[in-house]
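I need the structure of the sequence given here:
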Amino acid sequence: MSHTSARPARYGATLTAACLAVTVAQVAYSLPGALNGTFQQVFDINGAQLTWISAAFATCMVIFELTFGVIGDLFGRKRLLLGGTVLVVIGAALCLDAHSVHLMIVGQAVAGIGAGALYPISLAMIAAVAPDLQARTKAIALWAGFLSIGAAISPLMAGLFAKYGSWRGAYGVVIGAAVISFLVSLRAKDSRAPEGRKLDIPGQATLAVGLVALLWALTQGSADGFLKGQIVLGYVIAAVFLAAFVAIELRTASPLLHLNLFANRAFAISGITAVVGMFAFLGTCYSMSIWLGAVQHVEALKIGILFLFIQVPAFLLVPVVSRLIHRVSPRWVLTGGFALIAVAGFWCSTFEITTATWTAFISPLLCLGLGFALTVGSITAVALNTVAPNLAGMASATTNLLRDFGFALGPVLIGAVGTSLANSKLDKGLNQALATSGLDQAHAGAAAGIARQGGAFAINSLQVVPGQTPVPMPASLHQLAFTSLGSAGNIGLLACGICALASAALTLL
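Now for the predicted structure:
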C-alpha cells in the first residue's frame with residue numbers, strides 16, 4: 001500500500017484548511033508590524049497606546065488558547081475553527097472602520113480571540129489526522145511554514161496599502177482571506193479527544209485575570225510610572241490570580257493545563273525556551289518596527305520589505321527543518337536557531353539612530369529570520385512528539401500558549417521599558433534643551449507641557465506629519481527626543497539578544 005493511500009479520508013482538505021487558518025491568523029497578528037508609525041501619526045497616540053494595539057491581540061489570543069483547546073477536544077475542532085475565523089472577520093471589520101485608537105484596540109482584541117482558537121485548533125487537527133509520526137512532523141513543518149507566509153506577506157501588504165491607498169485596505173484583505181478560509185474549512189475532517197477532558201472554568205477565570213493584570217501593568221506602567229499605586233496593584237492582582245491558577249490546576253481532576261506535562265524534561269525545556277526565545281524574536285521585530293516606523297518615520301512599504309527578510313527564510317526552509325528534526329538532535333537545531341536570533345539582536349543594537357538607514361538592517365534581519373526558521377517548528381515538534389497521542393490537543397494548546405505568551409511579552413516589555421527609558425532621558429535633558437532653544441518663556445512652557453504629557457514619541461512625531469505643516473518645535477528638543485528613543489531601542493535590542501543567548505545555552509546544556 002502506498003503512503004498516499006494509507007492517509008485517512010480528507011487528510012489533504014484538513015491540512016489545507018489548517019494551513020489557511022493559521023495564515024489568516026498570522027496575517028491579522030502581523031499587520032501592525034509595518035503600520036506602527038502610521039498608527040502613531042493617524043491616531044496621535046503615546047507609546048503605551050501604540051503598544052496596546054499589538055498587545056490587545058496577543059493578550060486575548062494567549063488567554064483563550066488553552067480553553068479553546070479543551071473545547072475543541074470535547075465538542076469537535078472543526079466548528080471551533082470556523083468560529084475562530086468568524087471572530088477574525090469581526091475584529092478586522094472593526095479595525096477597518098476604526099477612527100479612534102480605542103476602537104482599534106477593541107478590534108484587535110476580538111481578532112485576537114479568534115486567533116486564539118485558530119492557532120491551537122489548526123495544529124491539533126493536523127496532528128489528529130496524520131497517519132504516522134513522520135507525516136505529523138512534516139505536516140507541522142508545513143503548518144509553521146504557512147505561519148511564516150502570513151507573517152511575511154502581512155507587513156508588505158500593509159506597506160503597499162499605506163503607500164498607494166489606505167492602510168485600512170489591509171484589513172479588508174484579512175476579511176476576504178478569512179471568508180475563503182471559512183469555506184475551505186467546511187471540507188476539513190472533524191476530530192476530538194474528549195477522554196479525561198472537561199471545562200475548567202475556575203482555571204480559565206484565574207488565568208485570564210492574572211494575565212490581563214500582568215500585561216496591563218507592564219504596558220501601562222510605561223505611561224503612568226511603574227511605582228504608581230494602580231500599577232503596583234496590577235502586579236499584586238496578577239500574582240494572586242496566577243498563583244490561584246496553579247493551585248487550581250494541581251487539585252482539579254480535569255485541569256485546563258496538566259502541569260505534569262512539565263515533568264517531561266524535553267517538553268519543559270521546549271516550553272521555557274518557547275517563552276524566552278520567542279520573546280527575543282518578536283521583541284527584536286517590534287523594536288525594528290518602532291525604530292524605523294515611529295522614530296525614523298521610514299515609510300511602511302520599506303518596513304514591509306525588510307520584514308520579508310525575516311519571514312521568507314522560515315517558509316523556504318520548511319523541508320530542510322523537517323529533515324533536520326528527524327536526522328539531527330533537536331537540541332542542536334534549537335541551539336543554532338536561538339544563537340542566530342541572539343546575533344541579530346546584538347547586531348541591531350550596535351546601530352546609531354542618527355546614522356543607520358533602513359537597508360542596513362537587511363543582513364541582521366535575515367539572520368533573525370534564519371533563527372526563527374530553525375526554532376518555531378522545532379519547538380512545536382518536540383512538544384507534540386514527546387507526549388501521548390491522546391494529549392496532543394492539550395500539548396498543542398500549551399505549546400501555543402507558551403510560544404504566544406513569549407510573543408505577547410515582546411511588544412509589551414520592549415514597548416514598556418523602551419517608552420519609560422526614553423521618557424526618563426527626555427525629562428532629564430528637557431530644561432537644558434529648552435534653555436538653548438531660543439524660545440520665549442511662554443512657548444518654552446508650552447513645549448515642556450507637550451513633552452511631559454506626551455513623552456518622547458509626541459515630540460518626535462510633531463516633526464514629521466505627512467501632508468501637513470510641521471508643528472513648530474525647537475530642534476534641540478526634537479533631537480533630544482529622537483536620540484532618547486534611539487538609545488532606548490538599543491537597550492531593548494540588547495536585552496532581546498541576551499534572552500536569545502540564554503535560550504541557546506539552555507537547549508545546549
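
Going along the chain, name the strands of this protein.
Remark: no strands are assigned in the chain by DSSP state E.

Let me know the distance separating the closest residue to residue 360 other than its chain neighbours from residue 378.
Nearest non-adjacent residue to residue 360, counting by C-beta to C-beta, 6 or more residues apart in numbering: residue 351, 6.4 Å away. Using the backbone N, CA and C atoms, a C-beta is placed for each residue, glycine as well. Distance, residue 351 to residue 378, by C-beta to C-beta, to the nearest Å: 29 Å.

Quick check, the residue nearest to residue 360 in contact with residue 363.
No. Look at residue 351 against residue 363 with C-beta atoms under 8 Å: they stay out of range, at 11.3 Å.

Those two: which has the busier surroundings?
Each of residue 351 and residue 363 has its neighbours counted (other C-beta atoms under 10 Å); residue 351 has more, 18 against 13.

how near is the more buried one to residue 180?
Here residue 351 is placed at a distance of 40 Å from residue 180 (C-beta to C-beta).

Tell me how many other residues surround the closest residue to residue 502 other than its chain neighbours.
Among residues not flanking residue 502 along the chain, residue 276 sits closest, at 6.2 Å (C-beta to C-beta, 6+ apart). A count of neighbours around residue 276, defined by other C-beta under 10 Å, yields 20.

Now do the contacts for the residue nearest the centre of the chain.
Most central in the chain under C-alpha atoms, centre = their mean is residue 407, positioned 3.9 Å from the mean C-alpha point. Contacts for residue 407 were tallied using C-beta atoms under 8 Å, 6 or more residues apart in numbering; they are 58, 278, 279, 281, 282.

Now intersect those with the helices, please.
Per DSSP state H, helices hold the following members of these: 58, 278, 279, 281, 282.

Pick the one among the residues you listed closest to residue 371.
Closest to residue 371 out of these is residue 281 (7.2 Å), distances taken as C-beta to C-beta.

wait, what's in contact with the closest one?
Shown in contact with residue 281 (C-beta under 8 Å, 6+ apart): 341, 368, 371, 372, 375, 406, 407, 410, 496, 500.

wait, isn't the first one in contact with residue 500?
Yes. Between residue 341 and residue 500 there is a contact at 4.0 Å, judged by C-beta under 8 Å.

rewinding a little: I'd like a version of the contacts of residue 407 in a markdown table, one that adds pLDDT as further columns.
Formatted as a markdown table, the contacts of residue 407 follow (pLDDT from 0 to 100):
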| residue | pLDDT |
| --- | --- |
| 58 | 87 |
| 278 | 92 |
| 279 | 93 |
| 281 | 94 |
| 282 | 90 |
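
Identify the farthest-apart pair in those.
Across these, the longest distance by C-beta to C-beta is 13.2 Å; it joins 58 and 281.

What's the local residue count around the closest residue to residue 286 other than its chain neighbours?
Distances taken as C-beta to C-beta, 6+ apart put residue 411 closest to residue 286, at 4.3 Å, once the chain neighbours are dropped. The tally of other residues near residue 411 (other C-beta under 10 Å) stands at 31.

quick one: residue 411 from residue 426, how far?
In terms of C-beta to C-beta, residue 411 sits 21 Å off from residue 426.

How about residue 410?
On the measure of C-beta to C-beta, residue 410 and residue 426 end up 24 Å apart.

for the stretch 301-450 of the chain, which spans come out with low pLDDT?
The model of the stretch 301-450 of the chain has pLDDT under 70 over residues 318, 322, 380, 384-394, 396-397, 437, 439-440, 442-443.

which residues in it form helices?
Ranges of helices within the stretch 301-450 of the chain are 318-327, 330-348, 362-385, 392-435, 441-461, based on DSSP state H, counting those that start in this stretch.

Those: which one's closest to residue 21?
helix 392-435 (12.8 Å).

how far does the closest one sit from the chain's center?
Relative to its parent chain, helix 392-435 has a centroid offset of 11 Å by C-alpha atoms, centre = their mean, to the nearest Å.

State the distance from residue 141 to residue 353.
Distance, residue 141 to residue 353, using C-beta to C-beta: 38 Å.

Of the two, which one has the most company?
Per other C-beta under 10 Å, whichever of residue 141 and residue 353 has more neighbours is residue 141, with 23 against 17.

contacting residues around stretch 326-342?
With C-beta under 8 Å, 6+ apart, stretch 326-342 has contacts from 134, 137, 266, 270, 273, 277, 280-281, 284, 321, 324-325, 367-368, 370-375, 378-379, 381-382, 496-498, 500-501, 503-504, 507-508.

Who wins on neighbours among the contacts of residue 407?
residue 281 (30 neighbours).

quick one, what contacts residue 171?
31, 92, 93, 95, 96.

what's the closest of the residues you listed to residue 218?
residue 31 (22.1 Å).

In the stretch 51-200 of the chain, mark out all the helices, start to finish.
In the stretch 51-200 of the chain, the helices defined using DSSP H, counting those that start in this stretch lie at 77-96, 101-129, 133-164, 168-185.

For residue 81, see how far away residue 95 is.
Residue 95 is 22 Å from residue 81, where distance means C-beta to C-beta.

for the stretch 101-250 of the chain, what are the low-confidence residue spans?
Residues of the stretch 101-250 of the chain meeting the criterion pLDDT under 70: 196.

follow-up on the earlier one: of the contacts of residue 407, just say which sits nearest to residue 163.
residue 282 (24.5 Å).

So the nearest residue to residue 230 once chain neighbours are set aside versus residue 272, what's the distance?
Among residues not flanking residue 230 along the chain, residue 224 sits closest, at 6.8 Å (C-beta to C-beta, 6+ apart). Distance from residue 224 to residue 272, counting by C-beta to C-beta: 31 Å.

what does residue 461 give?
Per C-beta to C-beta, residue 461 is found 38 Å from residue 272.

Which one's more surrounded, the two?
Each of residue 461 and residue 272 has its neighbours counted (other C-beta under 10 Å); residue 461 has more, 22 against 17.

Return the alpha-carbon coordinates of stretch 18-32 using PDB.
This file holds the C-alpha atoms of stretch 18-32, laid out as PDB (Å, rounded to 0.1, in the frame of the first residue of the first chain):
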ATOM      1  CA  ALA A  18      -5.300  24.200   8.900                       C
ATOM      2  CA  CYS A  19      -2.600  26.000   6.900                       C
ATOM      3  CA  LEU A  20      -5.000  28.600   5.500                       C
ATOM      4  CA  ALA A  21      -6.400  29.200   9.000                       C
ATOM      5  CA  VAL A  22      -3.000  29.800  10.600                       C
ATOM      6  CA  THR A  23      -2.000  32.000   7.700                       C
ATOM      7  CA  VAL A  24      -5.100  34.200   8.200                       C
ATOM      8  CA  ALA A  25      -4.400  34.400  11.900                       C
ATOM      9  CA  GLN A  26      -0.800  35.400  11.400                       C
ATOM     10  CA  VAL A  27      -1.600  38.000   8.700                       C
ATOM     11  CA  ALA A  28      -4.000  39.600  11.200                       C
ATOM     12  CA  TYR A  29      -1.500  39.400  14.000                       C
ATOM     13  CA  SER A  30       1.400  40.800  12.000                       C
ATOM     14  CA  LEU A  31      -0.300  43.800  10.400                       C
ATOM     15  CA  PRO A  32       0.800  46.400  13.000                       C
END
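
Give me the buried stretch members for it, please.
18-32 (16 or more other C-beta atoms under 10 Å).

Tell me which two of those residues sit farthest apart.
Going by C-beta to C-beta, the pair spanning the buried residues of stretch 18-32 furthest: 18 and 32, at 24.5 Å.

Looks like residue 255 contacts residue 200 (just checking).
Yes. The criterion here is C-beta under 8 Å, and residue 255 meets it with residue 200 at 5.9 Å.

any residues in contact with both of those two?
Contacts common to residue 255 and residue 200, judged by C-beta under 8 Å, 6+ apart, are 248, 249.

Any figure for the gap between residue 475 and residue 255?
Where residue 255 is concerned, residue 475 sits at a distance of 59 Å (C-beta to C-beta).
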